[in-house]
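Visitor: return atomic coordinates for the entry below.
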Amino acid sequence: MSIVYFIWYNNLLFNYIGTFIFIHLYKFNFTVLFFIFFYTNLFSSSIVIQEDTQSINVLKNASIFLDKNSTKSISDLLQKKVIFTPISERFINRGYMFKDTLWLKFQVKNASEKELIKYLVFDSPNIDILNLYFLKNSEVHIIKNGIFNRKEFKRELGFRFPISLNSNEVQIYYLEIKPKTHSLHFNLEIKELIKFKNDELNNQLILTIFFAVLFVVIVYNLTLYFKVKDILYLYYSLFILTFIIHQLSIEGMIAYFLPNNSEIITMQAYIPIYNLAIVLTAMSLFVKEFLNLHKYRVFNGILKGFIVLVIVILVFHSKENYILNYMTSLSLFFVLYLEYIGIYLFLKKKEKYAKYFFMIWSISLAGIMGTIFYYVGVLLSPIPYLLELTLIIEVLFFSMVLATKMNDSKAEKMKKERIILEQSKLASMGEMLQNISHQWRQPLTEINAVAMKIDADFRKERLDALSLESDIQRIENITNHMSQTIESFSAYFKESKQYDKTSIEKVLHKALDIMQSKLDEIDIEVIVEDRSTILLNTSDLIQVILVVLNNAVDAMNLKNIPNKVITIHVKNIEGNSLLEIEDNGGGIKQEILDKIFEPYFTTKFKSDGIGIGLYMAKRLIEDSLKGTINVQNTQAGVKLIIKL
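Guide: Residues are numbered from 1 along each chain as shown. So this is what the prediction gives:
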């Protein structure tokens, strides 16, 4: 008996000498050996807690039973109608099992000399039904927990049950676990209350920092969107926002933003499938824009196919047919497909930004795949905060790449605008040279006539000092007029950022002087109601007026309008100076009216125009003159309204 007691109190030593006892004491009655074995295992399976116990794992000393289709009750377990098997792991991950129930059985012994209260802590925040059963005074007691049983949120993500034991008391517990809406993965520990609170606080602090970083990145990208009006930044902000909402739900922190209403708390448990669908859609929009997949029909088509499958899953989803596992599997294929797109465009098409996407997405992919494998039960134990860490790296790197992309886009835009400006200047120069030739033709003819008169007077000996002086004065007057014409044109072509205090009327007449020869056959009606002076760039406004007048003349010539009329109205409305230029050229088709200010858009024949005049006019009005230009059809033609 001394050997028996020695084994009973020293279980570890028993494991080493068990074989020896079995061989050398084979004459012992089998009942005695079974008695020793039973009580030894009974002692070894107990979870012993002391007064100073801070944390102890429950699973390594528990047994498990999987109830397929949830047909068993606590009564069946107490009547020993089921068989529990020991657990070898310290962490349980069973993936998705929406219709099944997992039962745990474990025994706790208070080895201290005083009553103890510890807490059984279930660390998964998304378990739906979690009930703890135990016998007390021959009665079955139950403590209900889990999302479906939660009446109010106590700012704790995990779930805890009080474990109260008298001195040297031993108690058997049964834990009922029903994961109806999420995958099942958890750790189960008995903790001191202070230990539980500290662990909970640390976990929530890390998650709060994670969400705060993501929120800052959203604000940063939204700022860029409103600054540059590039839809790419809006899509990325939308992706991060949807991911935040999804993770808040997965981590259980969404409860902070919900009212303490049991129906709403229960309803939000079914939300992750919809959140995941929105995340995939937002990510699809961002990737299409970032990698410019619009020009790759196959990639774009397959991406749309994924979104169609997302919609199909949502259509067939219901509380009775909860298929989050299908959405999760689809998500895995989706993220892998995005990686393939990045690799292909980087290696085959040498796309500049595909290289950045491939490298950054590879980091994020490690976290996403690790999390998905963990949820479906392939990865049996978690890597703490893997997804959070990889996503923060992703958003920070993507934000830097997007900033680089913005700078590249700015440089490319400025380069294109310089080209457009040069083309506009060259086109204007050709028109101006044509105007100069028209305006100089008559003065040159007059100079030639005066020279012929002087020559004739000289030959006929009629040339006297008075006559010669008169003819020379006439030539000087003509050349002065020609010189003024040149100065007007040179002032127009001279790039100047100088602002003058002048009136729109004066600038208008300078433009009309330059266009004089081209407007000879057109009836110009000028109505001036406002002669106030304003600060503006004279050269830029002249260029705008010339563009508008040239377009009006070309439109009337193209349509062979017999009585060509241009009406120019200068007025002031509510403190704004308005310049309205209206022609009777028949108007512009309504479907293209909004496009006339786009670069390289023209209603003329390709040989007659390149479509940059009105684009440059709009840029000058908005950027240099800080005004607006609008167009509208009238009964007779088109009216352009310039507001300064």
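
Visitor: so where's the stretch 101-250 of the chain uncertain?
Guide: Within the stretch 101-250 of the chain, not a single segment meets pLDDT under 70.

Visitor: same question, the stretch 351-500 of the chain
Guide: Scanning the stretch 351-500 of the chain for pLDDT under 70 picks out 420-421, 423-439, 441-442, 481, 484-485, 487-497.

Visitor: could I get the full set of strands for it?
Guide: Under the criterion DSSP state E, counting those that start in this stretch, strands of the stretch 351-500 of the chain are mapped to 500-503.

Visitor: mind listing the helices for it?
Guide: 352-376, 386-459, 465-493 (DSSP state H, counting those that start in this stretch).

Visitor: between those helices, which one is nearest to Ala269?
Guide: Nearest of those to Ala269, taken as CB to CB: helix 352-376 at 15.3 Å. In short, each C-beta sits where N, CA and C put it, glycine included.

Visitor: what helices and strands are in contact with the closest one?
Guide: With contacts defined as 3 or more CB pairs under 8 Å, 6 or more residues apart in numbering; DSSP states H and E, the packing partners of helix 352-376 are strand 92-95, helix 272-290, helix 324-347, helix 386-459.

Visitor: from the chain's centre, how far out does the third one sit?
Guide: Helix 324-347 has its C-alpha centroid displaced from the chain centroid by 18 Å (CA atoms, centre = their mean, to the nearest Å).

Visitor: got the domain ranges for this protein?
Guide: Domain segmentation of the chain under automatic domain parsing yields 12-196, 203-403, 404-494, 497-644.

Visitor: do I have it right that Leu519 meets Leu549?
Guide: Yes: taking CB atoms under 8 Å as the contact criterion, Leu519 and Leu549 are neighbours in contact, 7.4 Å apart.

Visitor: higher neighbour count, those two?
Guide: Between Leu519 and Leu549, Leu549 has the larger neighbour count (other CB atoms under 10 Å), namely 24 against 18.

Visitor: disregarding residues adjacent in the polypeptide, which is nearest to Leu285?
Guide: Tyr235 (4.5 Å; CB to CB, 6 or more residues apart in numbering).

Visitor: my bad, Ile629
Guide: Ile629 sits nearest to Ile621 (CB to CB, 6+ apart), 4.5 Å away.

Visitor: same question, Ala456
Guide: Arg462 (8.0 Å).

Visitor: give me the neighbour count for the one you found.
Guide: 10.

Visitor: start the count at 806 instead of 1 going forward.
Guide: Sounds good: first residue 806 from here, last item Arg1267.

Visitor: if we can go back for a sec, need the residues touching each of Leu1324 and Leu1354.
Guide: Residues within reach of Leu1324 and of Leu1354 at once, by CB atoms under 8 Å, 6 or more residues apart in numbering, are Leu1317, Ile1371.

Visitor: hang on, the earlier thing: check which helix or strand the residue nearest to Leu1090 maps to.
Guide: helix 1036-1055 (DSSP states H and E).

Visitor: buried residues, that helix. List them.
Guide: Within helix 1036-1055, the residues that count as buried by 16 or more other CB atoms under 10 Å are 1037-1055.

Visitor: what ranges do the strands span in the stretch 906-1055 of the chain?
Guide: Assigned strands in the stretch 906-1055 of the chain, in chain order: 906-915, 921-927, 934-941, 944-950, 964-970, 975-983, 989-991, 993-996 (criterion: DSSP E, counting those that start in this stretch).

Visitor: Serialize those to CSV and add fields for mean neighbour count and distance to Asp881.
Guide: Below are those laid out as CSV (neighbours: other CB atoms under 10 Å; distance: least, CB to CB, whole Å):
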stretch, mean neighbour count, distance to Asp881
strand 906-915, 21, 10
strand 921-927, 21, 22
strand 934-941, 17, 12
strand 944-950, 13, 12
strand 964-970, 18, 21
strand 975-983, 20, 11
strand 989-991, 23, 21
strand 993-996, 23, 22
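
Visitor: so which of those strands comes closest to Asn1080?
Guide: The closest of these to Asn1080 is strand 989-991. By CB to CB, the value is 18.6 Å.

Visitor: enumerate every residue touching the spatially most central residue of the chain.
Guide: Closest residue to the average C-alpha location of the chain: Tyr1041 at 1.6 Å, with CA atoms, centre = their mean. Tyr1041 sits next to Asn1026, Phe1091, Phe1095, Phe1203, Leu1207 when contact means CB under 8 Å, 6+ apart.

Visitor: which stretch among the strands of the stretch 906-1055 of the chain comes nearest Glu1387?
Guide: Among these, strand 989-991 sits nearest to Glu1387 (CB to CB), with 73.5 Å.

Visitor: list the strands paired with the closest one, with their directions.
Guide: Next to strand 989-991 in the sheet, as set by DSSP bridges, lie strand 897-900 (antiparallel).

Visitor: contacting residues around the partner strand?
Guide: Taking CB under 8 Å, 6+ apart as the rule, strand 897-900 contacts 864, 869, 871, 907, 988-993, 1130, 1179-1187.

Visitor: from the chain's centroid, how far away is it?
Guide: In this view, strand 897-900 has its centroid 33 Å away from the chain centroid, taken as CA atoms, centre = their mean.

Visitor: and if you look at stretch 1339-1346?
Guide: The answer for stretch 1339-1346 is 41 Å, by CA atoms, centre = their mean.

Visitor: distance to Asp1399 added to the helices of the stretch 1156-1305 of the chain, as a markdown table?
Guide: Output for the helices of the stretch 1156-1305 of the chain, formatted as a markdown table (distance: least, CB to CB, whole Å):
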| stretch | distance to Asp1399 |
| --- | --- |
| helix 1157-1181 | 31 |
| helix 1191-1264 | 19 |
| helix 1270-1298 | 29 |
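
Visitor: check contacts around the closest residue to Pro1077 other than its chain neighbours.
Guide: The shortest distance from Pro1077 to any non-neighbouring residue, by CB to CB, 6+ apart, is to Ser1054 (5.3 Å). Neighbouring residues of Ser1054 by CB under 8 Å, 6+ apart: Gln1073, Ile1076, Pro1077, Asn1080.

Visitor: over to Lys983?
Guide: Counting by CB under 8 Å, 6+ apart, Lys983 has contacts Ser875, Thr906, Leu907, Ile932, Asp933, Ile934, Leu935, Gly951.
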